[in-house]
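Colleague: Sequence and predicted model, in that order:
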Amino acid sequence: MLEKMEILDVDKVIEEFEAMTNDAENVQKQTLKKILEENGCAEYLQNLGLNGRTDPESFKACVPLVNHSDLEPYIQKIVDGPPSPILTGTPLTTISLSSGTTQGKPKFVPFNDELMETTLQIYRTSYAFRNREYPIKNGKALQFIYSSRQSKTKGGLIAGTATTNVFRNSQFKNAMKSMQSQCCSPDEVIFGPDFHQSLYCHLLCGLLFREEIQLVSSTFAHSLVHAFRTFEEVWEELCADIREGALSSRITFPSVRAAMAKSLKPNPQLADLIHAKCSALSNWYGLIPELFPNVKYIYGIMTGSMEPYLKKLRHYAGDVPLVTADYGSSEGWVGANINPNLPPEAATYAVLPHIGYFEFIPLNGDVLEPEPVGLTEVKVGEEYEIIVTNVAGLYRYRLGDVVKVMGFHNKTPELKFVCRRNLMLTINIDKNTEKDLQLAVEEAAKLIAGEKLEVVDFSSHVDVSTDPGHYVIFWEINGEVRDEVLQECCNTLDRAFVDAGYVSSRKVNSIAPLELRVVWRGTFQKILDHYLGLGAALSQFKTPRCVGPTNNKVLQILCGNVAKSYFSTAF
Ligand code: AMP
């Protein structure tokens, strides 16, 4: 029986968005007022002497800028219970675990129904714009989404990764239906206890519904590439399952097996078709449209630390457009991609002025401690650190991200994600961001391109155990490369960091030669497994690009798996 579906009125969503962004300054004031009125009785705000004032000036004068560590005592109190208004007027009942891939351990951040509502608002907004460009109708989505375990804290709160809290929320499924993007896999797969098994089943479901799939997505692009790399390994097994109508013995959980059995019937014709298509592909180029002939676009966060996966994703995607998803974090959403036709490298995110109160610390000027400016006061071309005040009890919270203002949509800025502020390779006067590292790796990886060789993943570390310190770059490569070539890659990496501080330090040897360490195949999978073991969700995984001392375990994994190492002779 067909379920009656409420289809989202995309024109109305766009109309509301236009009105809101045209009145961004006012909407920001109203949003702040609402947040402060609803949470004024919270212990945190009570201590700051606002005395009921809700205007931006009083807010800035009374409330300090904070990092996560400043809030930890409050968050710990919430986690330990009993319920009381500590950060929010209504005590929290749920807490999110952020991915923690930059700091090495997951952090607790507040989650509540209001934050869930902002999630749906941003999903609807970007969907409305996307649907204008690439309409999908009565389609299914192959979504590589995974939910990690939810647990109970000492104080009785539900704790799970932010994506888990979203996927498990009763409103999520209806929202996906209204956006005609319902996941083709059953809940038992999404919420399955083992992500390797869930991934296999997602792929199988995708194949079973191949004609209906109009959208292939994941939260972050990493999971998409990971999924299709896995497909390359298991495709024949998937074909065998379809042929026999029997699920591989690698799926061991009875609930997952039972759910999959409902869609799996012997279908030798489909198995033959997929087998023939895969066999005919050259090095898997254009795999996605071959498998899913009606796919309209591929969707997921593709900017920032996801950019290194774009090359591989484009290879799988052939001529299917890649559309980057929205910009936000476990702490709250920031902006929506309202220009879905732009390639991810050029994508910007328009800030939704009603989902939080935003401030921006200018990073370009000479002032040592510049004053944050408001959403509508930012300047095109300038870079800022972003500060969030949200509906879930974060006030003037430093998200740790650097963004650049690329323009305005009506009165709201369109931001480009630049980097995480603390992800910086630095020894003395040198400063290299995640983006600089990515560009250096891309440059050096050209030397091994061709012959199907590629850098599967990479990370870095500043080694100051010897004096002077030096940069260490870790590479996992999908095959054997000659020593002379790798030595040249190492030299190219060293030369590719063009930041003046680095170059001058290298010339006078106050930074020692860069080291390239090639790690064994599967090393980055071990890092991923390590994070999953800590309770992180695959959906939110971001490879740590710069591993510092706070991330000892990951450093141990990397250093313990070095196959070969090279020192630069470039300077
Ligand atoms: P999480 O800790 O899993 O909540 O991840 C949040 C972080 O992911 C953000 O602070 C950003 O650094 C990064 N992120 C989220 N969305 C995007 C995006 N659209 N582009 C680039 N980076 C993003």
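Modeller: Everything's here; your move.
Colleague: show me what contacts the residue in the chain that the ligand sits nearest to?
Modeller: Among the residues of the chain, Gly304 lies closest to the ligand, at 2.7 Å counting by Cβ to the nearest ligand atom. Bear in mind the C-beta positions are built from the backbone N, C-alpha and C, glycine included. Gly304 is in contact with 417, 419-420, 434, counting by Cβ atoms under 8 Å, 6 or more residues apart in numbering.
Colleague: Listing request: residues of this protein with sub-threshold pLDDT.
Modeller: For the chain, the stretches flagged by pLDDT under 70 are 1-5, 99-106, 423, 451.
Colleague: Give me every residue in it lying close to the ligand.
Modeller: 98-99, 162, 301, 303-304, 327-330, 399, 401, 417, 420, 540 (Cβ under 6 Å from any ligand atom).
Colleague: Now do the residue of the chain closest to the ligand against Thr426, distance only.
Modeller: 19 Å (Cβ to Cβ, to the nearest Å).
Colleague: With Glu345 instead?
Modeller: Distance from Glu345 to Thr426, by Cβ to Cβ: 25 Å.
Colleague: who has more neighbours, those two?
Modeller: Thr426 (17 against 12; other Cβ atoms under 10 Å).
Colleague: ok, that one - contacts?
Modeller: Contacts of Thr426 by Cβ under 8 Å, 6+ apart are 432, 462.
Colleague: Recalculate using a threshold of 10 Å.
Modeller: 432-433, 462, 469, 471, 499, 501-502, 511, 546 (Cβ atoms under 10 Å, 6 or more residues apart in numbering).
Colleague: Please identify which pair of the residues you listed lies farthest apart.
Modeller: Thr433 and Gly469 (17.9 Å; Cβ to Cβ).
Colleague: quick one on the thing from earlier: the contacts of Gly304 in strands, which ones?
Modeller: Among the contacts of Gly304, the members falling in strands (DSSP state E) are 417, 419-420.
Colleague: Would you format those as TSV with neighbour count included?
Modeller: Listed next are the ones in strands among the contacts of Gly304 as TSV, based on neighbours: other Cβ atoms under 10 Å:
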residue	neighbour count
Phe417	24
Cys419	23
Arg420	20
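Colleague: For my notes, please list these in a markdown table and give distance to Leu368 for each entry.
Modeller: What follows is the ones in strands among the contacts of Gly304, written out as a markdown table (distance: Cβ to Cβ, whole Å):
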| residue | distance to Leu368 |
| --- | --- |
| Phe417 | 25 |
| Cys419 | 21 |
| Arg420 | 22 |
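Colleague: and the residues of the chain next to the ligand, which are buried?
Modeller: 98-99, 162, 301, 303-304, 327-330, 399, 401, 417, 420, 540 (16 or more other Cβ atoms under 10 Å).
Colleague: before we move on, back to that, adding secondary structure, distance to Lys452 and neighbour count, write the contacts of Thr426 out as JSON lines.
Modeller: What follows is the contacts of Thr426, written out as JSON lines (DSSP: H, G, I helix; E, B strand; the rest coil; distance: Cβ to Cβ, whole Å; neighbours: other Cβ atoms under 10 Å):
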{"residue": "Asn432", "secondary structure": "strand", "distance to Lys452": "30", "neighbour count": "25"}
{"residue": "Thr433", "secondary structure": "coil", "distance to Lys452": "30", "neighbour count": "20"}
{"residue": "Val462", "secondary structure": "strand", "distance to Lys452": "32", "neighbour count": "20"}
{"residue": "Gly469", "secondary structure": "coil", "distance to Lys452": "35", "neighbour count": "18"}
{"residue": "Tyr471", "secondary structure": "strand", "distance to Lys452": "28", "neighbour count": "28"}
{"residue": "Asp499", "secondary structure": "coil", "distance to Lys452": "33", "neighbour count": "16"}
{"residue": "Gly501", "secondary structure": "helix", "distance to Lys452": "37", "neighbour count": "17"}
{"residue": "Tyr502", "secondary structure": "helix", "distance to Lys452": "32", "neighbour count": "24"}
{"residue": "Ile511", "secondary structure": "coil", "distance to Lys452": "34", "neighbour count": "26"}
{"residue": "Cys546", "secondary structure": "coil", "distance to Lys452": "28", "neighbour count": "21"}
